[in-house]
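# turn this into a structure:
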Amino acid sequence: MKPARLLLFAAAALFSLVLAYIARDLVHQLIVVPLVFLAWQAMLLAGTVPELVRWVVLTVILGLVIASQLAPELRSASRAPVPPRAAVGSVETVAIWLRRARSSNYFRWQLAHRLGRVARKWQDLAGSPVESGGLEPGIDAYLSAGSNHSFVDFPPRRGIFGRRLSSALDLDVAQVIDYLESRAFPHQENHGHRL
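Modelled structure (predicted):
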């Protein structure tokens, strides 16, 4: 704690103690005595009620509390209903994965894994192996990193002493998507620049 705050706290505590000492008789007369008198009158009033009535009232109150806990549909619906959460669509899911891939090695691998599965599906449909065809030398390594390896096989983005470590996952995702689009739609213009 800073010395100025400590001094301010000590002054406030000292002022409170002095004020409490000065006002003790006033507090006693205006607060304590009326509260004690009220409690005494309540005890006298409760003493005039027969014991059987007190037990019946206590039993009824206890029964109502238990019934309200056992039958929740009997409780008043004072709370507003919770609106259902909106479903996350596939485009929003991809956007979330792209955003997460900027900061985490795991999510970069997850993205490579998903793109590797897409490449394998196209390979199965076409009946030919997926290859880079000279477009980008790192695309094969990127797709292999996502398909054939686990995320623990790749070092984190920063090593000891803050050096940047490189891996196959460092390839720009837009280049991989551009390549996969060119394989899927060979006669159309590439749309990777829109990513």
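
# use CA for all of it now, contacts and neighbours both
Fine.

# for the spatially most central residue of the chain, which three-state class applies?
In the chain, the centroid-proximal residue (CA atoms, centre = their mean) is R85; its distance is 14.1 Å. Classification of R85 using DSSP: H, G, I helix; E, B strand; the rest coil returns coil.

# tell me the average confidence for whichever helix or strand V56 is part of?
Element membership of V56 [criterion: DSSP states H and E] is helix 51-70. In this model, helix 51-70 carries a mean pLDDT of 91.

# quick one, domains of this protein?
3-73, 90-194 (automatic domain parsing).

# winner for burial among these?
domain 90-194 (a mean of 15; mean count of other CA atoms under 10 Å).

# sorry, back to before: worst mean pLDDT among the domains of the chain?
Among the domains of the chain, domain 90-194 scores lowest, at a mean of 71.

# ok, A101 to H113 distance?
12 Å (CA to CA, to the nearest Å).

# quick revisit: in TSV: the domains of the chain, plus distance to P81.
Formatted as TSV, those follow (distance: least, CA to CA, whole Å):
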stretch	distance to P81
domain 3-73	14
domain 90-194	26
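
# A80 is nearest to which of these?
In terms of CA to CA, the element of the domains of the chain nearest to A80 is domain 3-73, at 14.6 Å.

# where along this structure do the helices fall?
3-22, 24-27, 33-48, 51-70, 90-101, 105-126, 138-148, 173-184 (DSSP state H).

# let me have those in a markdown table, extended by distance to A80.
Output for the helices of the chain, formatted as a markdown table (distance: least, CA to CA, whole Å):
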| stretch | distance to A80 |
| --- | --- |
| helix 3-22 | 44 |
| helix 24-27 | 44 |
| helix 33-48 | 39 |
| helix 51-70 | 19 |
| helix 90-101 | 29 |
| helix 105-126 | 37 |
| helix 138-148 | 46 |
| helix 173-184 | 44 |
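
# residues making contact with stretch 107-114?
97-98, 100-102, 142-143, 145-147, 150-151, 169 (CA atoms under 8 Å, 6 or more residues apart in numbering).

# quick one: these as CSV, columns for distance to L45 too.
Shown next, in CSV, are the contacts of stretch 107-114 (distance: CA to CA, whole Å):
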residue, distance to L45
W97, 69
L98, 72
R100, 68
A101, 72
R102, 72
Y142, 84
L143, 84
A145, 82
G146, 80
S147, 81
S150, 77
F151, 75
L169, 81
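
# which one of those sits closest to I22?
R100 (62.6 Å).
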